[in-house]
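Student: Model the following, please.
(one chain, ligands or ions: 1)
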Amino acid sequence: MDSKKLFLAAMNYRHACKLFDGKKIPAEDLEFILEAGRLSPSSFGIEQWKFVVVQNQTLKTEIEKVSWNQPQISTCSDLLVILARKDVRSSDVYTKKQLSRWGLAEDAFKGLMGIYKGWVDGRDDHTIEMWSEKQCYIAAGNMMTAAAFIGIDSCPIEGFEYAKVDALLGVDTSVYQSALVIPFGYRANEQRGKHRLSLSEVVEFKK
Ligand SMILES: Cc1cc2nc3c(=O)[nH]c(=O)nc-3n(C[C@H](O)[C@H](O)[C@H](O)COP(=O)(O)O)c2cc1C
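Tutor: Alright, predicted model coming up:
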(Lines give C-alpha, C1' and ligand atoms only; values in the text may rest on other atoms or scores of the structure.)
Protein backbone atom coordinates (compact mmCIF):
# COMPACT_ATOMS: atom_id res chain seq x y z
CA MET A 1 0.00 0.00 0.00
CA ASP A 2 1.32 3.49 -0.72
CA SER A 3 1.96 5.79 2.21
CA LYS A 4 -1.18 7.91 1.73
CA LYS A 5 -3.39 4.82 1.72
CA LEU A 6 -1.60 3.47 4.79
CA PHE A 7 -2.13 6.73 6.64
CA LEU A 8 -5.80 7.00 5.71
CA ALA A 9 -6.31 3.37 6.68
CA ALA A 10 -5.06 4.29 10.16
CA MET A 11 -7.37 7.33 10.26
CA ASN A 12 -10.31 5.09 9.40
CA TYR A 13 -9.24 2.39 11.85
CA ARG A 14 -9.21 4.91 14.73
CA HIS A 15 -12.55 5.30 16.39
CA ALA A 16 -13.80 6.16 19.84
CA CYS A 17 -13.53 2.65 21.26
CA LYS A 18 -16.23 2.11 23.90
CA LEU A 19 -14.99 -1.21 25.31
CA PHE A 20 -11.60 -2.90 25.34
CA ASP A 21 -10.80 -6.59 25.63
CA GLY A 22 -8.30 -6.18 28.47
CA LYS A 23 -5.28 -7.43 26.46
CA LYS A 24 -2.01 -5.69 27.35
CA ILE A 25 -0.18 -3.47 24.89
CA PRO A 26 3.49 -4.51 24.45
CA ALA A 27 5.84 -2.03 26.15
CA GLU A 28 7.55 -1.05 22.87
CA ASP A 29 4.17 -0.22 21.28
CA LEU A 30 3.21 1.95 24.25
CA GLU A 31 6.54 3.73 23.94
CA PHE A 32 5.89 4.31 20.22
CA ILE A 33 2.56 5.99 21.07
CA LEU A 34 4.11 8.13 23.81
CA GLU A 35 6.91 9.13 21.46
CA ALA A 36 4.29 10.51 19.02
CA GLY A 37 3.05 12.67 21.90
CA ARG A 38 6.53 13.78 22.91
CA LEU A 39 7.40 14.83 19.35
CA SER A 40 4.22 16.86 18.92
CA PRO A 41 4.33 20.58 18.21
CA SER A 42 3.41 23.08 20.91
CA SER A 43 3.02 26.84 20.95
CA PHE A 44 6.46 28.44 21.49
CA GLY A 45 7.80 24.88 21.94
CA ILE A 46 6.80 25.03 25.60
CA GLU A 47 5.53 21.39 25.73
CA GLN A 48 2.68 22.35 28.03
CA TRP A 49 2.01 18.72 28.96
CA LYS A 50 2.80 15.72 31.07
CA PHE A 51 1.75 12.19 30.18
CA VAL A 52 0.64 10.05 33.12
CA VAL A 53 0.18 6.37 32.26
CA VAL A 54 -2.09 4.55 34.68
CA GLN A 55 -1.47 0.81 34.67
CA ASN A 56 -2.71 0.06 38.17
CA GLN A 57 -6.10 -1.65 37.85
CA THR A 58 -7.49 -0.36 41.15
CA LEU A 59 -6.63 3.20 40.18
CA LYS A 60 -8.23 2.75 36.75
CA THR A 61 -11.43 1.57 38.43
CA GLU A 62 -11.38 4.58 40.78
CA ILE A 63 -10.94 6.92 37.81
CA GLU A 64 -13.78 5.19 35.96
CA LYS A 65 -16.13 5.91 38.88
CA VAL A 66 -15.54 9.67 38.47
CA SER A 67 -15.69 9.47 34.66
CA TRP A 68 -19.37 8.78 34.10
CA ASN A 69 -18.63 5.06 34.70
CA GLN A 70 -17.32 4.75 31.15
CA PRO A 71 -16.16 1.11 30.83
CA GLN A 72 -13.36 1.99 28.39
CA ILE A 73 -11.40 3.13 31.42
CA SER A 74 -11.21 -0.09 33.40
CA THR A 75 -11.07 -2.44 30.39
CA CYS A 76 -8.16 -0.74 28.59
CA SER A 77 -4.54 -1.78 28.77
CA ASP A 78 -3.03 1.62 29.57
CA LEU A 79 -4.92 4.70 30.67
CA LEU A 80 -3.25 7.92 29.62
CA VAL A 81 -4.11 11.08 31.52
CA ILE A 82 -2.68 14.15 29.84
CA LEU A 83 -1.92 16.93 32.30
CA ALA A 84 -1.74 20.54 31.11
CA ARG A 85 0.91 22.81 32.64
CA LYS A 86 -0.17 25.95 34.43
CA ASP A 87 3.31 27.34 35.17
CA VAL A 88 3.77 28.91 31.76
CA ARG A 89 3.95 32.62 32.54
CA SER A 90 7.09 34.40 31.32
CA SER A 91 8.34 34.59 34.94
CA ASP A 92 8.01 30.83 35.53
CA VAL A 93 11.21 28.78 35.79
CA TYR A 94 9.80 26.13 33.46
CA THR A 95 9.07 28.69 30.73
CA LYS A 96 12.57 30.14 30.93
CA LYS A 97 14.09 26.67 30.76
CA GLN A 98 12.07 25.77 27.67
CA LEU A 99 12.72 29.02 25.83
CA SER A 100 16.45 28.95 26.62
CA ARG A 101 16.91 25.72 24.67
CA TRP A 102 17.17 27.49 21.33
CA GLY A 103 20.57 28.86 22.25
CA LEU A 104 19.62 32.38 21.15
CA ALA A 105 21.92 35.35 21.58
CA GLU A 106 20.94 37.65 24.47
CA ASP A 107 19.17 40.22 22.30
CA ALA A 108 17.24 37.61 20.35
CA PHE A 109 16.24 35.90 23.61
CA LYS A 110 14.98 39.21 25.00
CA GLY A 111 13.01 39.74 21.80
CA LEU A 112 11.46 36.28 22.09
CA MET A 113 10.61 36.88 25.74
CA GLY A 114 8.95 40.16 24.78
CA ILE A 115 6.73 38.41 22.25
CA TYR A 116 6.00 35.66 24.76
CA LYS A 117 5.04 38.16 27.47
CA GLY A 118 2.72 39.90 25.03
CA TRP A 119 1.07 36.62 24.14
CA VAL A 120 0.77 35.06 27.59
CA ASP A 121 1.14 37.48 30.48
CA GLY A 122 -1.76 39.77 29.66
CA ARG A 123 -4.25 36.92 29.71
CA ASP A 124 -6.21 35.62 32.69
CA ASP A 125 -5.39 32.27 34.32
CA HIS A 126 -8.32 30.45 32.76
CA THR A 127 -7.34 31.52 29.23
CA ILE A 128 -3.78 30.39 29.84
CA GLU A 129 -4.94 27.04 31.21
CA MET A 130 -7.07 26.55 28.11
CA TRP A 131 -4.07 27.53 25.97
CA SER A 132 -2.04 24.75 27.59
CA GLU A 133 -4.91 22.31 27.13
CA LYS A 134 -5.04 23.10 23.41
CA GLN A 135 -1.43 21.95 23.10
CA CYS A 136 -2.29 18.75 24.96
CA TYR A 137 -5.03 18.03 22.44
CA ILE A 138 -2.51 18.22 19.59
CA ALA A 139 -0.35 15.61 21.32
CA ALA A 140 -3.49 13.55 21.99
CA GLY A 141 -4.44 13.51 18.31
CA ASN A 142 -0.99 12.41 17.29
CA MET A 143 -0.90 9.64 19.88
CA MET A 144 -4.29 8.28 18.83
CA THR A 145 -3.29 8.29 15.16
CA ALA A 146 0.05 6.64 15.97
CA ALA A 147 -1.79 3.98 17.96
CA ALA A 148 -4.23 3.29 15.13
CA PHE A 149 -1.29 3.02 12.73
CA ILE A 150 -0.07 -0.01 14.67
CA GLY A 151 -3.52 -1.50 15.29
CA ILE A 152 -4.12 -0.11 18.77
CA ASP A 153 -7.44 1.43 19.76
CA SER A 154 -8.16 4.48 21.87
CA CYS A 155 -10.92 6.80 22.99
CA PRO A 156 -10.53 10.51 23.80
CA ILE A 157 -12.47 11.22 27.00
CA GLU A 158 -13.57 14.60 28.31
CA GLY A 159 -16.40 13.08 30.32
CA PHE A 160 -14.70 13.02 33.70
CA GLU A 161 -14.59 15.06 36.88
CA TYR A 162 -11.33 16.91 36.51
CA ALA A 163 -10.68 17.79 40.15
CA LYS A 164 -11.44 14.24 41.29
CA VAL A 165 -9.09 12.71 38.72
CA ASP A 166 -6.39 15.18 39.78
CA ALA A 167 -6.91 14.13 43.41
CA LEU A 168 -6.78 10.39 42.60
CA LEU A 169 -3.50 10.89 40.74
CA GLY A 170 -2.03 13.12 43.44
CA VAL A 171 -1.48 15.91 40.90
CA ASP A 172 0.24 19.06 42.16
CA THR A 173 -2.54 21.39 41.00
CA SER A 174 -0.36 24.46 41.39
CA VAL A 175 1.55 23.18 38.36
CA TYR A 176 -0.79 20.86 36.43
CA GLN A 177 -4.41 20.05 35.78
CA SER A 178 -5.88 17.09 33.94
CA ALA A 179 -6.86 17.92 30.35
CA LEU A 180 -7.86 14.67 28.67
CA VAL A 181 -8.11 10.98 29.48
CA ILE A 182 -7.28 8.43 26.78
CA PRO A 183 -7.57 4.69 27.30
CA PHE A 184 -5.47 2.60 24.90
CA GLY A 185 -5.92 -1.10 24.18
CA TYR A 186 -7.68 -3.46 21.82
CA ARG A 187 -11.34 -3.24 20.81
CA ALA A 188 -13.78 -5.78 22.26
CA ASN A 189 -16.34 -5.09 19.51
CA GLU A 190 -16.24 -4.10 15.85
CA GLN A 191 -16.34 -0.35 15.29
CA ARG A 192 -19.56 1.31 14.20
CA GLY A 193 -19.73 3.15 10.88
CA LYS A 194 -18.05 6.54 10.63
CA HIS A 195 -20.20 9.65 10.32
CA ARG A 196 -18.46 12.65 8.86
CA LEU A 197 -19.51 15.66 6.84
CA SER A 198 -18.19 15.57 3.28
CA LEU A 199 -15.06 17.47 2.33
CA SER A 200 -17.18 19.97 0.37
CA GLU A 201 -19.12 20.77 3.54
CA VAL A 202 -16.09 21.42 5.75
CA VAL A 203 -13.56 22.83 3.30
CA GLU A 204 -13.70 26.24 1.68
CA PHE A 205 -11.08 27.33 -0.82
CA LYS A 206 -10.35 31.00 -1.34
CA LYS A 207 -8.81 31.30 -4.78
C1 LIG B 1 -12.23 16.05 23.09
C2 LIG B 1 -13.09 14.84 22.96
C3 LIG B 1 -13.78 14.34 24.04
C4 LIG B 1 -14.53 13.18 23.94
N5 LIG B 1 -15.12 12.63 25.06
C6 LIG B 1 -15.71 11.42 24.97
C7 LIG B 1 -16.17 10.75 26.13
O8 LIG B 1 -16.12 11.25 27.25
N9 LIG B 1 -16.69 9.51 25.97
C10 LIG B 1 -16.78 8.90 24.75
O11 LIG B 1 -17.24 7.76 24.68
N12 LIG B 1 -16.36 9.51 23.63
C13 LIG B 1 -15.82 10.74 23.72
N14 LIG B 1 -15.34 11.35 22.57
C15 LIG B 1 -15.44 10.64 21.30
C16 LIG B 1 -16.37 11.31 20.27
O17 LIG B 1 -17.70 11.15 20.65
C18 LIG B 1 -16.07 10.67 18.92
O19 LIG B 1 -14.72 10.93 18.58
C20 LIG B 1 -16.97 11.19 17.80
O21 LIG B 1 -18.31 10.85 18.05
C22 LIG B 1 -16.57 10.63 16.43
O23 LIG B 1 -16.53 9.23 16.44
P24 LIG B 1 -15.21 8.38 16.09
O25 LIG B 1 -14.11 8.96 16.94
O26 LIG B 1 -15.56 6.97 16.50
O27 LIG B 1 -14.93 8.51 14.64
C28 LIG B 1 -14.64 12.54 22.68
C29 LIG B 1 -13.95 13.07 21.58
C30 LIG B 1 -13.19 14.18 21.71
C31 LIG B 1 -12.41 14.69 20.51
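Student: for the chain, longest strand please?
Tutor: strand 176-185 (DSSP state E).
Student: give the contact list for whichever residue of the chain sits closest to the ligand.
Tutor: In the chain, the residue that lies nearest the ligand is Gly159 (2.9 Å; Cβ to the nearest ligand atom). Placement of C-beta: from N, CA and C, glycine included. When contacts are counted by Cβ atoms under 8 Å, 6 or more residues apart in numbering, Gly159 touches Ser67, Trp68, Gln70.
Student: Tell me the pLDDT of the second one.
Tutor: Each residue has a pLDDT score; the one for Trp68 is 98.
Student: what's near enough to touch it?
Tutor: Trp68 touches Gly159, Phe160, counting by Cβ under 8 Å, 6+ apart.
Student: What distance do you get for it to Gly111?
Tutor: 47 Å (Cβ to Cβ, to the nearest Å).
Student: Next, the residue of the chain closest to the ligand: secondary structure please.
Tutor: coil (DSSP: H, G, I helix; E, B strand; the rest coil).
Student: In terms of helices and strands, where is the residue nearest in space to the middle of the chain?
Tutor: With distances taken as Cα atoms, centre = their mean, the residue of the chain nearest its centroid is Ala140 (2.9 Å). Take DSSP states H and E as the rule and Ala140 turns out to sit in helix 125-149.
Student: Can you spell out which helices and strands pack onto that helix?
Tutor: helix 3-13, helix 27-38, strand 49-54, strand 78-85, strand 153-154, strand 176-185 (3 or more Cβ pairs under 8 Å, 6 or more residues apart in numbering; DSSP states H and E).
Student: now for these, which one comes closest to Ile128?
Tutor: strand 78-85 (9.6 Å; Cβ to Cβ).
Student: Any part of the closest one near the ligand?
Tutor: No: contact of strand 78-85 with the ligand is not found when judged by Cβ under 6 Å from any ligand atom; the minimum separation is 10.8 Å.
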